[in-house]
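**Q** predicted model and sequence follow; I will ask about them next.
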Amino acid sequence: MNIYTADQPKKEAPGATAEDVVRHDAEPVNSAKIRKPLYEARKKIFPKRAEGRFRQFKWIVMLITLGIYYLGPWIRWDRGPFAPDQAILIDLAHRRFYFFFIEIWPQEFFFVAGLLVMAGFGLFLITSAVGRAWCGYTCPQTVWVDLFLVVERFIEGDRNARMKLDKAPWSFEKIWKRVSKHAVWLLIGVSTGGAWIFYFADAPQLLLDLWTFQAPAVAYLTIGVLTATTYVFGGLMREQVCTYMCPWPRIQGAMLDESSLTVTYNDWRGEPRTHGTKKAAAEGKVAGDCVDCNACVVVCPMGIDIRDGQQLECITCALCIDACDGVMEKLGRDKGLISYATLADYNANMALATGNGAHAINPNIVRDADGHFHDKVKHFNWKIIFRARTLLYMGVWAAVGVGLLVALLSRDRLEVNVLHDRNPQFVLESDGSIRNGFTVRILNMIPEPRVISLSLEGLEGATMKINGMDQPDSRSFDIPADPDKAVTLKVYVTVPRDQLHDDEQHFHFLAEDKSSNEHDVYKAVFNAPADVKNKDHH
Amino acid sequence: MADKHVDELSGVETTGHVWDGIRELNNPLPRWWVWTFYACIIWAFGYTIFYPAWPLLTENTKGIWNVTNRSVLKDELAVASGAQKVFVDKIAAMPVAEIVKDKSLSEFATAAGAAAFKVNCTPCHGSGAQGGVGYPNLNDNDWLWGGSAEQIYTTIAHGIRDTGDPDTRVSEMPAFGEMLKPEEIQNVAAYVADLSKQPVTSGDPAAGKEVFATNCVACHGDQAQGNRDLGAPNLSDAIWLKGSGEAAIIAQVTKPKHGVMPAWTVRLGDTTVKELAVFVHSLGGGE
Ligand code: SF4
Ligand code: SF4
């Protein structure tokens, strides 16, 4: 109790006896007796192995995602003798990103930004349509926890055996099992961190270097850090990562609407739950489909009860659907007591079962006499996925994708960039002609050597001189360009004074691969003193 | 009020605090979170042991690793100059004319020379090496003492009219104001101005040609083309160190001004002077 909540004591008349004093019926909030711990230890969760179509689907997704992650860097892709033959490679030292037939230079990073935008909209789309499918199926946290649980189950057994082992005193068996479990987990951690660094260097060579202790220190450090995070997040923290650390469960509130599919316990047919239907019938009580077997609770990797309604902790892994479907099948009842359902359908069915809230749930209302669901009961319908909101997300997602594709197919592999000397802008030569300096950068973006011709377009009378090239002044130079490299040239352009008619004359630098006709043009300006304009007057 | 208030919806006890009817749930923090917090505190103390941290009366604790931003910078500079050593050693051993021909070496020398130029040369020659009246523009192709890399190197190394260097470049145009009559000076100025196609207003170029032939050809040459051995400027071109136009020419002939450049080897060392020469040679006028 504090000043905000304390009751105002009544005023006492003077001369009252002790008996007259008002006695408050109160207990201190902060007494040692009732004080709760300020910090709570993690409550252990022992998820039971689930079986069913969603579990099946999750195994497949796990196989594909882990397969891509671990094997990705080992795929080879021939790019000729002047580029690496690794299909997926982030070459930080040379600032190149290779993805199969695509090679990205740093200035083309917008492709990666575009992919991130697509990933963002893809996530919005998936979440607004089918809820936290990302969390439930493909999030690395979920996938690796699943993998760690496979190991745990293999070594320590399923839920009951694990709980027993956890409670058991330390024995040789317990030590042996715990040690081997953590050892395998650490091994998975090491290979996870190891796979990561293979994306940044030639994988076979790096593996060899790692074994022979020739690899750079940062490689070992990265493996160490990722081993630690994989082990701690996947083995020790598990659901705590989703519940306390990840921002996505919080953001999803804004992503879901009443038409989004989420894992739902359909209490309109499940309640009131009961252990024995026959007994309930004999007592004249209504009985829902839920037999309170807690199968949905024991499989949940988040340790929650989906029957409490939608919760922040639920990652929609759908394992409780599998568990419940199994029970319903055994009992010969309709599957889908726990199912993917939209809030709109759920509310409609609830209204039906409760007579619009007039009474408690009566599951008999939702069925006809023959035990089939009433026509008014709403079931899952694929069409719900296509609505204004998701179509908008799909549209944006596809537009960005098409834009990137067009940009990719039409991009240049030969570029010329020019920087005009600003200090000085122009130089007077001894014969009176005017010279401008330029830094010209020719980008040969294919992994083959080429000869690029650099020439002047426009600017009558102008000639070029290029530092380091043994060639007399001319309007065109043949520049040898190394494969997959940029050449930087210091170019001096000189125009005789009598050919100049303005202090700012526009012209082009043209870079051209004569064998493939690929070319790029840069618009440049030639500066001269203002008095070149008046030369006719004196 | 004896019973602790329990939130109906969540079944969680509240702290008793109410704001506008909103009650605070009394959910305990996860314990690992607190461990992380303690770990951070230990880390912070460890940090103050290894790194400079605690303020004392006159200074601060140095930390047992004795690492500061300065020491880090010093180490990084040492690493950087270690990496440059390959180039620097080669530059020290090679003549400038050879350095200019070596692609990677000349690239390095140009960059190093540009840096040295910014620090040492810009006060006179300008940040773009464009010079000014009395200070030569180093971008153009007009050279008093020669524009090959080797000649530029010699000029920078020994300076011009630097009394401290026995090998310095020296040239001294006499003050013709004491030897010639004013109209002779006017005429000779008209003659040179006309040679380089500048407008002539006051003097007589034809008469000036006579004066030039008797007094000036010895140094500036019979075509007024100059002489690099003597540092005598070309008077027939468009570039005028001390200013163009008759008036400026008359002033220079009457009482010449002579610029001075220090000999740089003593101050910067031979390698840096070589780098400077390569840089200046790359500016567009190099021969
Ligand atoms: S409640 Fe069901 S869907 Fe949600 S996390 Fe638990 S098992 Fe998965
Ligand atoms: S598995 Fe099905 S029947 Fe069993 S408790 Fe869960 S919801 Fe009820």
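**A** Yep, that arrived. Keep in mind the model is a prediction, meaning the values are calculated, not measured. Numbers count the residues shown, from 1 in each chain, chains lettered A, B, ... in the order given. Ligands and ions are numbered 1, 2, ... in the order given.
**Q** longest helix anywhere in the chain?
**A** Assuming you mean chain A. helix A:172-198 (DSSP state H).
**Q** other chain: chain B
**A** Using DSSP H, we find that the single longest helix of chain B is helix B:69-93.
**Q** in terms of helices and strands, where is residue 113?
**A** Picked chain A for this. Per DSSP states H and E, A:Ala113 falls inside helix A:110-130.
**Q** hmm, no, I was thinking of chain B.
**A** Applying DSSP H and E, one finds B:Gly113 within helix B:103-120.
**Q** show me what that helix packs onto, helices and strands only.
**A** On a contact count with 3 or more Cβ pairs under 8 Å, 6 or more residues apart in numbering or on different chains; DSSP states H and E, helix B:103-120 meets helix B:69-93, helix B:96-101, helix B:265-268, helix B:270-281. Every residue, glycine included, has its C-beta placed from N, CA and C.
**Q** deepest of the ones you listed, which one?
**A** helix B:270-281 (a mean of 25; mean count of other Cβ atoms under 10 Å in any protein chain shown).
**Q** can you tell if that one touches chain A?
**A** No. Contact of helix B:270-281 with chain A (Cβ under 8 Å from any Cβ of the partner chain) is absent, the minimum separation being 9.2 Å.
**Q** report the angle between that helix and helix B:69-93.
**A** Between helix B:270-281 and helix B:69-93, the angle formed by their directions is 80 degrees, by axes from the mean of the first three to the mean of the last three Cα atoms, to 10 degrees.
**Q** quick one: helix B:270-281 to helix B:103-120, angle?
**A** Using the same axes, to 10 degrees, helix B:270-281 lies at 100 degrees relative to helix B:103-120.
**Q** B:Leu29 reaches A:Tyr39, doesn't it?
**A** Yes. With contact defined as Cβ atoms under 8 Å, B:Leu29 reaches A:Tyr39; the gap is 5.1 Å.
**Q** neighbours of the residue in chain B that ligand 2 sits nearest to, how many?
**A** Relative to ligand 2, the nearest point of chain B is B:Gly11 (19.5 Å; Cβ to the nearest ligand atom). If you count neighbours by other Cβ atoms under 10 Å in any protein chain shown, B:Gly11 ends up with 9.
**Q** same thing with the one 4 residues further on?
**A** Here the neighbour count serves as a burial measure; for B:Thr15 (other Cβ under 10 Å) it reads 14.
**Q** so it, which of the three states?
**A** Applying DSSP: H, G, I helix; E, B strand; the rest coil to B:Thr15 yields a three-state assignment of strand.
**Q** that one contacts B:Pro28, correct?
**A** No. The criterion here is Cβ under 8 Å, and B:Thr15 misses it with B:Pro28 at 11.4 Å.
**Q** can you tell if the helix or strand following the helix holding A:Ala113 touches ligand 1?
**A** Using DSSP H and E, the helix or strand that directly follows helix A:110-130 along the chain is helix A:133. No. Helix A:133 is not in contact with ligand 1 by Cβ under 6 Å from any ligand atom; minimum separation 10.9 Å.
**Q** just stretch A:230-250 next, same as before
**A** No. Contact of stretch A:230-250 with ligand 1 (Cβ under 6 Å from any ligand atom) is absent, the minimum separation being 8.4 Å.
**Q** do that stretch and chain B meet?
**A** Yes. If you take Cβ under 8 Å from any Cβ as the test, stretch A:230-250 does meet chain B, through A:Met237, A:Gln240, A:Tyr244.
**Q** low-confidence ranges in chain B?
**A** Applying pLDDT under 70 to chain B flags residues B:1-4.
**Q** ok, B:Arg31 to ligand 1 distance?
**A** 22 Å (Cβ to the nearest ligand atom, to the nearest Å).
**Q** and for A:Leu147?
**A** 17 Å.
**Q** list phi and psi for that residue.
**A** With angles defined as degrees, to the nearest 10, A:Leu147 sits at phi -60, psi -40.
**Q** and what of A:Arg441?
**A** Dihedral angles (degrees, to the nearest 10) for A:Arg441: phi -120, psi 120.
**Q** please verify my assumption that it contacts A:Leu454.
**A** No. Using Cβ under 8 Å, A:Arg441 makes no contact with A:Leu454, being 10.8 Å away.
**Q** now do the shared contacts for the two.
**A** A:Val416, A:Leu489 (Cβ atoms under 8 Å, 6 or more residues apart in numbering or on different chains).
**Q** which one's more surrounded, these two?
**A** Shown here are A:Arg441 and A:Leu454; by other Cβ under 10 Å, A:Leu454 has more neighbours (22 against 16).
**Q** and A:Ala219, how many neighbours?
**A** Counted with other Cβ under 10 Å, the neighbours of A:Ala219 add up to 20.
**Q** so A:Ala524 belongs to a helix, correct?
**A** No. The assignment for A:Ala524, made by three-state DSSP, is strand rather than a helix.
**Q** still on that earlier bit, quick one: average confidence on the helix holding A:Ala113?
**A** Mean pLDDT, computed over helix A:110-130, is 93.
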